[in-house]
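Engineer: No sequence on hand, only this structure:
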């Protein structure tokens, strides 16, 4: 009777999965920051300060990610005092902006949820199986989504053979 011997490398798998989760979180945070940037209001004179204050950060040990716009203690008209300008601008739904709008971070978080989940999961998948690396794919119609490298290769291969 011949048998098959299988050796489980649980510690290696756990370490790779955690590293992949951290990488996926990092990629997802960067993706969300990128999607929020065009929506950030920019002041007509000397603008761009708030938009440029955006940062994606990850605590890889705790597996937590954040996208923040940190502008310091100012009020909407630029005077010192009050709360964080980013929070004021983000939450003031009654304000009219020439460019961008309130909820500039919340809106892409909600609309991109599926892509964010795929990116995070793709970090773990690619750490365990390199063929599962997530990449940004833009269709001929201009729609961008996140797909695994093998999904894009299969789609492209099927399109060229049909």
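Structural biologist: Okay, I see it. Because the structure is predicted, anything quoted here is derived from the model rather than measured. Numbers count the residues shown, from 1 in each chain.

Engineer: Can you point out the buried residues in stretch 99-114?
Structural biologist: Buried residues in stretch 99-114, counted by 16 or more other CB atoms under 10 Å: 100, 102-105, 108, 112. C-beta here means a position set from N, CA and C on the backbone, and glycine is covered the same way.

Engineer: Please report how far residue 92 lies from residue 7.
Structural biologist: Taking CB to CB, to the nearest Å as the measure, residue 92 and residue 7 are separated by 59 Å.

Engineer: And for residue 15?
Structural biologist: With CB to CB as the criterion, residue 15 and residue 7 are 16 Å apart.

Engineer: For those two, indicate the residue with more neighbours.
Structural biologist: Neighbours were counted for residue 15 and for residue 7 using other CB atoms under 10 Å; residue 15 has more, 12 against 4.

Engineer: and that one, that one's in a strand?
Structural biologist: No: counting by DSSP: H, G, I helix; E, B strand; the rest coil, residue 15 is not found in a strand; it is helix.

Engineer: which residues are in contact with stretch 97-114?
Structural biologist: Outside of stretch 97-114, the residues within contact range by CB atoms under 8 Å, 6 or more residues apart in numbering are 31-32, 35-36, 38-42, 44, 47, 51, 67, 69, 89-93, 95, 116.

Engineer: Same question for stretch 4-17.
Structural biologist: 124, 127-128.

Engineer: circling back: can you tell me which of the contacts of stretch 97-114 are in helices?
Structural biologist: The helices, defined by DSSP state H, take in 31-32, 35-36, 51, 89-91, 116 from the contacts of stretch 97-114.

Engineer: PyMOL command to pick out the buried ones of those?
Structural biologist: Restricted to buried positions by 16+ other CB under 10 Å, the PyMOL selection for the ones in helices among the contacts of stretch 97-114 reads:
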select buried, resi 31+32+35+36+51+89+90+116
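
Engineer: Reformat the ones in helices among the contacts of stretch 97-114 as CSV; add pLDDT and distance to residue 24.
Structural biologist: Output for these, formatted as CSV (pLDDT from 0 to 100; distance: CB to CB, whole Å):
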residue, pLDDT, distance to residue 24
31, 96, 10
32, 96, 12
35, 96, 16
36, 95, 18
51, 87, 25
89, 84, 29
90, 86, 25
91, 85, 29
116, 95, 9
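
Engineer: The ones in helices among the contacts of stretch 97-114 into a markdown table, with extra columns for distance to residue 61?
Structural biologist: As requested, the ones in helices among the contacts of stretch 97-114 are arranged in a markdown table below (distance: CB to CB, whole Å):
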| residue | distance to residue 61 |
| --- | --- |
| 31 | 21 |
| 32 | 21 |
| 35 | 26 |
| 36 | 25 |
| 51 | 30 |
| 89 | 32 |
| 90 | 28 |
| 91 | 31 |
| 116 | 21 |
